[in-house]
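1. Generate coordinates for the sequence data below:
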Amino acid sequence: MTLTLGLLEVYQAGELTVVGFGGREILEQVSLIEYRDELQSLIDDANCQTLAIDLTGVRVVPSGMLGILASIHGKGVEVQLFNAGEEICEVLAITKLDRLFKLHEVEV
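-> Sure, this is the predicted structure:
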């Protein structure tokens with residue numbers, strides 16, 4: 001069951017929380033504050049220990065979104081990224097964020 005919460009699609013909430021971006025190719029810069037607030041509320045409400053982000057179909061992740069995910073990690077929540085495309089993986093490698101986030105590929 002998928003629940004749409006503002007800009008996010010929530011597939012599962014709890015200690016392991018799984019969210020996606022509804023197949024958007026580009027996560028807009030103007031929505032970063034909304035993304036941050038939605039993610040933080042979800043993490044707080046679900047007592048989330050691990051945040052799994054489904055990047056299926058996403059081609060571009062703004063640097064601000066990567067900063068939000070790094071900040072979430074810095075607060076003690078493990079961040080896992082699923083199905084990051086080649087361009088996103090390249091950015092993660094260049095910024096060394098691939099060492100901070102666990103990367104996974106799964107069939108959808």
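2. going forward, measure contacts between C-alpha atoms and count neighbours the same way
-> Noted.
3. Show me what the helix or strand that contains residue 42 packs onto, helices and strands only.
-> Using DSSP states H and E, residue 42 falls within helix 32-46. Here helix 32-46 touches helix 63-74, going by 3 or more C-alpha pairs under 8 Å, 6 or more residues apart in numbering; DSSP states H and E.
4. Tell me how far the helix it packs on lies from the chain's centre.
-> Taking C-alpha atoms, centre = their mean, to the nearest Å, one finds helix 63-74 lying 9 Å from the centre of the chain it belongs to.
5. Need the contact partners of the next helix or strand after the helix holding residue 42.
-> Using DSSP H and E, the helix or strand that follows helix 32-46 towards the C-terminus is strand 50-54. Residues from elsewhere that reach strand 50-54, judged by C-alpha atoms under 8 Å, 6 or more residues apart in numbering: 15-21, 43, 77-84.
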